[in-house]
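K.L.:
Below are the sequence and a predicted model; questions follow.
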Amino acid sequence: MLRYALRRLLLVLPTLFLVSLFVFAIVRAIPGDVVDMMLEQFQYGKSADALRARLGLDRPLAAQYLTWAGQVLRGDLGTSLWTNRPAAQDIAARFPVTITLSLLSIAVSLVIALPVGVLAAVRQDSGADYAARSFAVGALSVPNFWLATLIVVLPSYYFHWAPSIGSFTPLSDGWHAYLGQFLLPALCLGVAQAGIIMRMTRGMMLEVLRQDYVRTALAKGLGGSAVVLGHALRNAAIPILTVIGGQLPFYFGGSIIMEHIFGLPGMGSFVLEAISRRDYPVIQAVNLFVAALVVLSNLLVDLSYGALDPRVRQD
Amino acid sequence: MHADSIGSVGRRNFLKLAGGAAVIAAAPGEVFAQAQPRRGGVLKQIGLEPPTFDTHGTISYQTQLISSFVRRTLFKFVNGAKYGPSDFTPVPDLALKADVSKDGRVYTIALRQGVRWESRAPVNGRELVAADVKYSFDRALKKSPAANLLGRIEGIETPDKHTVRITLADAYAPFLHNLAEPWNCIMPPEVEDKMGDFKAAESLVGCGPFVLERYEPGVKAVFARNPTYYAKGLPYLDKVEWLFVKDRSTQLSLFRAGQVDIPFYDARIPRTDVASFKKSNPTYPVQFWDWLAVRTLAFRTDKAPFNDPRVRQAFSLAVDRKKWVAQYLEGQGWEDSGPVPAPMREWKLPTGELGEGAKWLQHNPALAKKMLAEAGFPNGMKVKCTNWPGYGPEYVEELELLAFSLKQVGVELQIVNEEYGNYIRGSFLGKFDEASWGPSSIFTEVDGYLYNFFHTGEPNNRSHVADTQLDVMLDAQRRYTSRSSRKKIIDDIQRYAAERAYYLYTPYPKNVSSWTPWVKNYGCKNSFDRGAQLEVVWLDK
């Protein structure tokens, strides 16, 4: 198991290297140069060449990449071209918001998807199953930004009520108020992903419930819930976990839209602003950070297989 | 000829204005006969987050908006419900009055005495003095992209603590007006000495009606009443929360729910939502108001086919402006002929007085076709027209309407949508091949719509106009500080521009704004000076 974990950890390094190359190249492929933008949109500085040299953008791309990669290896994610603030400082300030929203969204997805998926499988082809499947298709079909917009717009139109937006409460002011402001965005983000997880749960449960060991457990006289939750669900969990691991980028991506609609000061609005200003170091830093997070969380998912299935530990 | 008129009339008028306004500033409560102002309360307004807090480091209006709460100018424009959105009558702010020399080159400005910077480091409540003004203008001239608003300054002297003498290289009519623009705010030198620059929120130190109490990046800025503000009794509000909610539908929902008092930085609501607002919030005031962002189709007049005035005039004849306003804008807009925006009534020359040029503003497709044929396009023509669709669906519809009008005379307008970065640093500055359409920047002084649009070599001269005769007139209108003399030149410029049709000005809508019913004395304004606008507002709930 330890060797497996180490092997997977080592694989993270080339992945991150490739991601860093890709991110570095792609941000420079966005139409519109930061220097032109500074000069002509915001009138920073007087000469394009002087400004380019001052920002270090006059050097060959390979040299710029190597400088940046060297900084990253030393733990320095770069400095914003516009504000001169270290990108890591802004990420540290905004990451808690995004991670809270993402984790709450995952929690919402699981709270909805697991019981509904299990129920649908146990009562296959019943009214409950059809209702659950309809819900899953509906959740998958409704875009989360549309749902969020409706949640914000409709009550304001009909009842003159809107969620409390525009006054962010930090965690230091109490965890209920802090978490409370994430509930609606987490619901919007979590519901759509719940559809996917629910369908996967139902499918896996149906497969597992037909296995001999489940029949044996029932024949031995074990209670239905003990069999379903203790034997079947545990064995169905690995593919479900894989799906959740694979969806992490969607949670991060979705949080950008939710932060925008619900006015949360997370990494989403921060990176959108950076993209619109072509703030290369910030875009690179955020992308690399999120990529590292997704790679590491997938690694954690892989490692958790061992906890769920002893056969994986033995391999 | 000019010196007398510049000196005597200009100075007298301005001093009269300044004196009257000083009375208003001294007794703010008495000017609002319609209701008794109430002190207190927190006003929540949707605002915009600035890229920097350095007003001299950017042309970004987001910075000017937020800075104006705290940093003040020597003069300001009148504000409040009883003044029009384009009423740019200057009144004293940090200055009390200005004397202008006969040749219009030397301005002697008397500062208001006893104005104090806010009571925190590094200024610690010290008095504002002439050296602060000199420091701020020197810095603006050196660093600000809007330095041209100050004209060509030759020297700034401070004969005493409360007097500033500014000498210009040439007379510059918009000078006093421009001293009321937030770009020309007064800043204390200690902040730069201590912090190195004015980029951070902590550098927002001033002597205005509000002080920055809290800045939460990505969330909001909270301004509290400045207890040492020179205008006793102002502002009425305890606090203003300037919220950085970016999603438009969220902004409007918060407004419908009464969670914010003003739904945008200028209180605008989408025209398409007016009917539903009236239904969902019938007690909210809805006001149509004039704004100053004219729409133009700019041509490459420096090359064929648009170097032929007949082609440009034919384009103008294709547009049915009356129908456009009556049907598409439902009467809430301007059949603007340009170049002076219709809401600038004191400068605008009525179409009937445009002389020969007026005939190109009529709708006459038959004549347009004939002129195109005479210019060598009997079968019509195809024209590539760049634009940025991100201005919003209303703008896209207007461009489609223009394309439809031109199609009736055989012109196929091939619309090229550009990404914002490319548009703003390309087409917006005249870097396009044939034609480009879009709204202009907003200028509070008529010179902005004339000199910037038409003078040879100006970056906002998108049509590449290079007309010596016009340049002479444009330079001249800047030298006439006497309003009546200047008006004559500006009338001539309008006649001349109408005849040449260097730009095709399309009709444009009025803005529509709303605010909660308990917000009182709010007046829509074509200016980025939010501080002056909100210092006279109160809440009645």
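P.N.:
Received the coordinates, thanks.

K.L.:
low-scoring pLDDT stretches of the chain, where are they?
P.N.:
Answering for chain A, as no chain was given. A:1, A:40-46, A:310-315 (pLDDT under 70).

K.L.:
actually chain B
P.N.:
Applying pLDDT under 70 to chain B flags residues B:1-34, B:421.

K.L.:
Can you name every helix or strand that the one helix or strand A:Tyr251 maps to contacts?
P.N.:
Using DSSP states H and E, A:Tyr251 sits within helix A:233-262. Judged by 3 or more CB pairs under 8 Å, 6 or more residues apart in numbering or on different chains; DSSP states H and E, the packing partners of helix A:233-262 are helix A:87-122, helix A:144-159, helix A:183-209, helix A:267-276, helix A:280-308, helix B:248-256. All C-beta spots, glycine's among them, are computed from the backbone N, C-alpha and C.

K.L.:
now the longest one: how far from the chain's centre is it?
P.N.:
Put plainly, it is helix A:87-122. Here helix A:87-122 is found 8 Å from its chain centre; the criterion is CA atoms, centre = their mean, to the nearest Å.

K.L.:
Quick check: next helix or strand after it?
P.N.:
Trace forward from helix A:87-122 with DSSP H and E and the next one is helix A:127-141.

K.L.:
relative to helix A:87-122, how tilted is that next one?
P.N.:
150 degrees (axes from the mean of the first three to the mean of the last three CA atoms, to 10 degrees).

K.L.:
Can you tell me how far B:Gly196 is from A:Asn84?
P.N.:
Relative to A:Asn84, B:Gly196 is positioned 10 Å away (CB to CB, to the nearest Å).

K.L.:
cool, A:Met38 as well?
P.N.:
For A:Met38 relative to A:Asn84 (CB to CB), the value is 13 Å.

K.L.:
who has more neighbours, the two?
P.N.:
Using other CB atoms under 10 Å in any protein chain shown as the criterion, A:Met38 and A:Asn84 rank with A:Met38 on top: 23 against 11.

K.L.:
For the closest residue to B:Glu181 other than its chain neighbours, which three-state class applies?
P.N.:
Among residues not flanking B:Glu181 along the chain, B:Leu149 sits closest, at 5.8 Å (CB to CB, 6 or more residues apart in numbering or on different chains). Under DSSP: H, G, I helix; E, B strand; the rest coil, the three-state class of B:Leu149 is helix.

K.L.:
Look up how far chain A lies from B:Leu149.
P.N.:
The gap separating B:Leu149 from chain A is 13 Å, by CB to the nearest CB, to the nearest Å.

K.L.:
Thought B:Ala180 was touching that residue, still the case?
P.N.:
No. Shown here, B:Leu149 and B:Ala180 do not form a contact pair, counting by CB atoms under 8 Å, at 10.2 Å.

K.L.:
Count the neighbours of the residue in chain A that chain B sits nearest to for me.
P.N.:
In chain A, the residue that lies nearest chain B is A:Gly32 (2.6 Å; CB to the nearest CB). With neighbours defined by other CB under 10 Å, the count for A:Gly32 comes to 18.

K.L.:
Let me see the contact set for the residue in the stretch 151-300 of chain B that chain A sits nearest to.
P.N.:
Closest contact between the stretch 151-300 of chain B and chain A, by CB to the nearest CB, is at B:Gly218 (3.2 Å). For B:Gly218, the contacting residues are A:94, A:168, A:265-266, A:269-270, B:49, B:244, by CB atoms under 8 Å, 6 or more residues apart in numbering or on different chains.

K.L.:
could you redo the last one with a cut-off of 6 Å?
P.N.:
Residues counted as contacts of B:Gly218 (CB atoms under 6 Å, 6 or more residues apart in numbering or on different chains) are A:265, A:269.

K.L.:
Next: B:Leu149.
P.N.:
Taking CB under 6 Å, 6+ apart, we find B:Leu149 in contact with B:178, B:181, B:183.

K.L.:
now swap in B:Asn387 and tell me
P.N.:
Per CB under 6 Å, 6+ apart, neighbours of B:Asn387: B:399, B:437-438.

K.L.:
re earlier: most neighbours of all the contacts of B:Leu149, which one?
P.N.:
Within the contacts of B:Leu149, most neighbours by other CB under 10 Å means B:Glu181, with 26 neighbours.

K.L.:
and the contacts of B:Asn387, which of them are in helices?
P.N.:
B:Leu399 (DSSP state H).

K.L.:
What is the nearest of the contacts of B:Asn387 to chain A?
P.N.:
B:Gly438 (14.4 Å).

K.L.:
and the closest one, what does it touch?
P.N.:
B:Asn387.

K.L.:
now it, which residues is it bridged with?
P.N.:
On the basis of DSSP bridges, B:Gly438 is bridged to B:Thr296.
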